[in-house]
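A.B. asks: next one to model:
(one chain, ligands or ions: 1)
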Amino acid sequence: MPHVIIYLKKLQAFAGAKLYLNLVGMVVISLLESVSLYILIPMLGFIGLLSAASSYGSMPFIADLERAVKAVPDNYQLTVILAFYVALIMGQALLQRFQTVQNMRIQQGFSGYLRLEIYQAIMRAGWSFFLRKRKADFNHMMTQELARVNQGVYLILSMTTSLVFTGIQIVFAFALSYQLTLFVLAFGLGLALFSRKFLRGAKKYGARISELSQSYMRGLTEHFNGIKDIKSNRLEAQHLDWFRSLSDRMETNMVQFTKLQATTQLFYKIAAAVLIAGFVFLSYRVFQVQGEYLLLIVLIFMRLWPRFSSLQANWEQLVSTIPAFKAINELMRECEAAREDVAAAGAERIRIQDGIECRNLAFRYEGGDGTYALSGINLQIPANSMMAIVGKSGAGKSTLIDILIGMLKPEQGELLIDGKPLGPGNLAAFRSSVSYVPQDPFLFHASIRENMLQVKPDATEADLWEALEFSASADFVRKLPQGLDTLIGDRGIRLSGGERQRIVLARAVLRKPAVLVLDEATSALDNENEAHIKESLDRLKGSLTVIVIAHRLSTIRNADQVIVMENGRIIQQGGYNQLSKETKGTFSQLLAYQSGSAL
Ligand SMILES: Nc1ncnc2c1ncn2[C@@H]1O[C@H](COP(=O)(O)OP(=O)(O)OP(=O)(O)O)[C@@H](O)[C@H]1O
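C.D. replies: Prediction:
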C-alpha cells in the first residue's frame, strides 16, 4: 500500500482544493439522495398507498416535515410534497452531473500530469541508464502500467465516493434502527474478513498481469525490430509459437482473476439474501418494527449492501493494480538516481578555445563482466583539429567517443574542456555544442526537411542545401519526388543506408557545432561519395574540432592525429604519416590489410 499512498499524496498536491470540494459535493449528493428516499414513505402515506399518516410521525425528522406540510392548505399538501420531492431529485441530479465532470477532470488531469512526470524523469536520465534498460520496458511503463495506475487512481476516487455515500446511509440507517444497522455492519465486517484471502489472490494475479504484459511488450518490440531477420531466416513459426503461448497465459490469468472476483461477488450475493431474510425475520418477530418503517429500512439496506459488495470488488481491483504502482515508483526512483547534470534544453553553446583533454581515464560498463572497456587513456585534442580513432572491433572506440561527448561518465580520471573538468557547470553547454553521427543513424518518420529542422528550427532554405551539399546528398535529394519534403519512412527506411548516413551528416553540420563526431559515419558510402565527404571535411578543417572513427583508413589521411586502440588502451598515437612509417605497429598492419598487401 505505501506505493499507492505516494500517488494519493501526488493527487492531493495536484488537485488540492478541487479534490476536497468534490468530496463535499459527494456528501451533499449523498445527503440529498438519502433524504429523497426518506421522504418517500410520508409521500406514499399522502397518496394513500400506505396506512395512516400517524404511523410515520414517529420516524426521526418526519414529524417536523409533517408539521411543515400541515401548515399548507389541505388541497395543496400533496402538490407541495411532490414538488419538494422533484426539487430534491433535480438538485441532486444537477450536483451529480457537476461532480461526475469534475471527477473526470481531476482524473484526466492527474493522468496527464503523471504521464508527463514519468516521461520527463526518463528523459532526464543519463545514457548509462538507457544502456542497462530495455526500450520495450519504457513502452510498457508508459502505456500498460500507466493505464493500470490511472485505473487504480480512478478506483480510489470512486471508492472514496462509495465510502462517503455508504457512511451517510449508515448514519441514516442508525437513526432508524441502530440494532439492525449494527447487525448488518457486523455481518459486512465478517464477510470482509473472510474475503481477505481473495485480496491476496488479486495481488498475485495483478503481479502476473504486470509480468506477462512486460513480456508481451518486450517480445513484440524485439520481433518488429527484427522483422527482416525473422522473415529472411523463416523464423515466423517459432515467433508465432511464442506469441500463442504468451497469449494463452494472458488469457488464463485474466479468466482466473475474473473467476476470483465473481466468487467474492457470489458470496456477497448469497450473504445479502441470507441477511435480508434474517433481517426481516428479526425486525418483524423480535423488534416488532412497523410495516412502513420496515419497508424504509429494507429499502436503505437494499441500497447499502450492494455498496459493500462493490467496495470489495473495487478493493480487489485496486489491489491487482498495486504491482503497476510499484513498477512505476521503481522506475521513477531509478530515473532520479540516474539523473544527469544537464538541463533538458536551453544551454548556451560554447566555442572551444584550447581543446579537449583526457587524463588517465578508465571506464567499466555496469552489468558487464567487470573488465575495463577503457583504461589509462591520456589524450590531447587541440581545438579545431581532426583526430581519428582506429582499432579492431571491441577495442573501445565507441566507448571513448561516448565519454568524449559527455554521454558516459568516466569511472576514473578526468575529461577537461579548455582546462575545466566536464561537470554540472559546463556539461549542458558542451553537449549542445557537439554534433554526433552514430554508426546506425536515426531519422524520424517525417520529411527530410522536418528531420533537419529538428536540430535547427530557424535554418533557412540556403542553410539546408549548404548542409546537404556538404554531405554529398544535394543531388539525390533534388531527384526525390518531393525534394526536401519527401517522407522518408519509419527510421528512414525508404532511403538506402548510404543516403541515410548522408542526411544525418547534413543534419549534424547544420547546427554548426564546435565538435563534430563521426562514429563510422561513412561506412555505408560508396567510394565516390566518401571521397566527396572527405573533401568537405578537409574544407572544414581548422573551423571546428572533428573526431572520427573510421574503418576505411583512406578517409583519415588528413587527420592531424591518429590514435590506435586495443583492449581499451591507446597503443599508438601520432600523425597519419608517422604511424604508417612505424612498420611494426598495429597501424601499419591495419593499413597493409586494407591495401591488400597483407593478404
Ligand atoms: N552496453 C555495454 N555493456 C557492457 N559492455 C559493453 C557495452 N558496450 C560495449 N561493451 C564492451 O566494451 C568494449 C568496447 O566496446 P566498444 O563498442 O567501445 O568497441 P568498438 O571499438 O567501438 O567496437 P566496434 O568497432 O565493433 O564498434 C567491448 O568489449 C564491448 O563488449
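A.B. asks: can you tell me the element Pro513 falls in?
C.D. replies: Under DSSP states H and E, no helix or strand contains Pro513.
A.B. asks: what's near enough to touch it?
C.D. replies: Counting by CB atoms under 8 Å, 6 or more residues apart in numbering, Pro513 makes contact with 433-435, 544. To be clear about C-beta, it is placed using only N, CA and C from the backbone, and glycine gets the same treatment.
A.B. asks: same check, this time on Gln144
C.D. replies: By CB under 8 Å, 6+ apart, the contact set of Gln144 is 213, 217, 324.
A.B. asks: what ranges do the strands span in the stretch 301-450 of the chain?
C.D. replies: 355-363, 374-382, 386-391, 412-417, 420-421, 434-437 (DSSP state E, counting those that start in this stretch).
A.B. asks: which elements pack onto the third one?
C.D. replies: When contacts are defined as 3 or more CB pairs under 8 Å, 6 or more residues apart in numbering; DSSP states H and E, strand 386-391 sits against helix 397-404, strand 545-549, strand 561-566, helix 586-595.
A.B. asks: now tabulate those in a markdown table and tack on mean neighbour count, mean pLDDT and distance to Val4.
C.D. replies: Putting these into a markdown table (neighbours: other CB atoms under 10 Å; pLDDT from 0 to 100; distance: least, CB to CB, whole Å) gives the following:
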| stretch | mean neighbour count | mean pLDDT | distance to Val4 |
| --- | --- | --- | --- |
| helix 397-404 | 22 | 94 | 39 |
| strand 545-549 | 23 | 92 | 49 |
| strand 561-566 | 22 | 92 | 51 |
| helix 586-595 | 16 | 80 | 59 |
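A.B. asks: nearest to Ile168, out of those?
C.D. replies: Closest approach to Ile168 among those (CB to CB): helix 397-404, 61.7 Å.
A.B. asks: name the helices or strands packed onto the closest one?
C.D. replies: By 3+ CB pairs under 8 Å, 6+ apart, helix 397-404 packs against strand 355-363, strand 374-382, strand 386-391, strand 515-519, strand 545-549.
A.B. asks: and the contacts of that helix?
C.D. replies: 127, 356, 358, 361, 363, 365, 373-374, 377, 381, 389-391, 408-410, 415, 436, 439, 517, 519, 547, 549, 565, 568.
A.B. asks: quick check, pLDDT for the residue in the stretch 51-200 of the chain positioned nearest to the ligand.
C.D. replies: Residue nearest to the ligand within the stretch 51-200 of the chain: Leu131 (4.3 Å; CB to the nearest ligand atom). What the model reports as pLDDT for Leu131 is 89.
A.B. asks: also Gly355?
C.D. replies: Gly355 carries a pLDDT value of 92.
A.B. asks: pretty sure it is touching Gln380, no?
C.D. replies: Yes. Applying CB atoms under 8 Å, one finds Gly355 in contact with Gln380, separated by 6.2 Å.
A.B. asks: neighbour count for these two, which is higher?
C.D. replies: Relative neighbour count places Gly355 above the other of Gly355 and Gln380, with 18 against 15, counting by other CB atoms under 10 Å.
A.B. asks: residue contacts, the more buried one?
C.D. replies: Residues near Gly355 by CB under 8 Å, 6+ apart: 380-383, 385, 418, 545.
A.B. asks: hmm, which two among the residues you listed are most spread apart?
C.D. replies: For the contacts of Gly355, the farthest-apart pair by CB to CB is Ser385 and Asp418; their separation is 14.0 Å.
A.B. asks: between those two, who's got more neighbours?
C.D. replies: A direct count of neighbours by other CB under 10 Å for Ser385 and Asp418 places Ser385 higher, at 18 against 15.
A.B. asks: for the more buried one, give me its contacts.
C.D. replies: Applying CB under 8 Å, 6+ apart to Ser385 gives the contacts 355, 545-546, 560-561.
A.B. asks: got those as CSV, with distance to the ligand columns?
C.D. replies: Formatted as CSV, these follow (distance: CB to the nearest ligand atom, whole Å):
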residue, distance to the ligand
Gly355, 22
Thr545, 20
Val546, 18
Asp560, 21
Gln561, 18
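A.B. asks: and those, which is closest to Phe301?
C.D. replies: For the contacts of Ser385, the nearest to Phe301 is Thr545 (80.3 Å; CB to CB).
A.B. asks: strands of the stretch 1-150 of the chain, residue ranges please.
C.D. replies: For the stretch 1-150 of the chain, no strands are identified by DSSP E, counting those that start in this stretch.
A.B. asks: contact residues of it facing the ligand?
C.D. replies: Proximity of the stretch 1-150 of the chain to the ligand, by CB under 6 Å from any ligand atom, involves residues Leu131.
A.B. asks: residues in contact with the most centrally placed residue in the chain?
C.D. replies: Central residue of the chain (CA atoms, centre = their mean): Met142, 2.6 Å from the mean position. Contacts for Met142 (CB under 8 Å, 6+ apart) come out as 115, 118-119.
A.B. asks: per-residue confidence for the closest residue to Val184 other than its chain neighbours?
C.D. replies: Closest residue to Val184 apart from its sequence neighbours, by CB to CB, 6 or more residues apart in numbering: Phe301 at 6.0 Å. On pLDDT, Phe301 comes in at 71.
A.B. asks: domain-wise, how is the protein divided?
C.D. replies: The record's domain parsing of the chain by automatic domain parsing lists 2-337, 447-511.
A.B. asks: winner for burial among those?
C.D. replies: Burial of the domains of the chain is given as mean neighbour count (mean count of other CB atoms under 10 Å); domain 447-511 ranks first at a mean of 18.
A.B. asks: first vs last residue of that one, how far apart are they?
C.D. replies: Using CA to CA, to the nearest Å, the end-to-end distance of domain 447-511 comes to 18 Å.
A.B. asks: about what we covered before: can you name the residues that contact the spatially closest residue to the residue of the stretch 51-200 of the chain closest to the ligand that is not a sequence neighbour?
C.D. replies: Distance criterion CB to CB, 6+ apart; nearest residue to Leu131, sequence neighbours excluded, is Tyr365 at 6.9 Å. Counting by CB under 8 Å, 6+ apart, Tyr365 touches 131, 373, 399.
A.B. asks: how about the residues you listed in TSV, adding distance to Lys70?
C.D. replies: As requested, these are exported to TSV (distance: CB to CB, whole Å):
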residue	distance to Lys70
Leu131	82
Ala373	92
Thr399	92
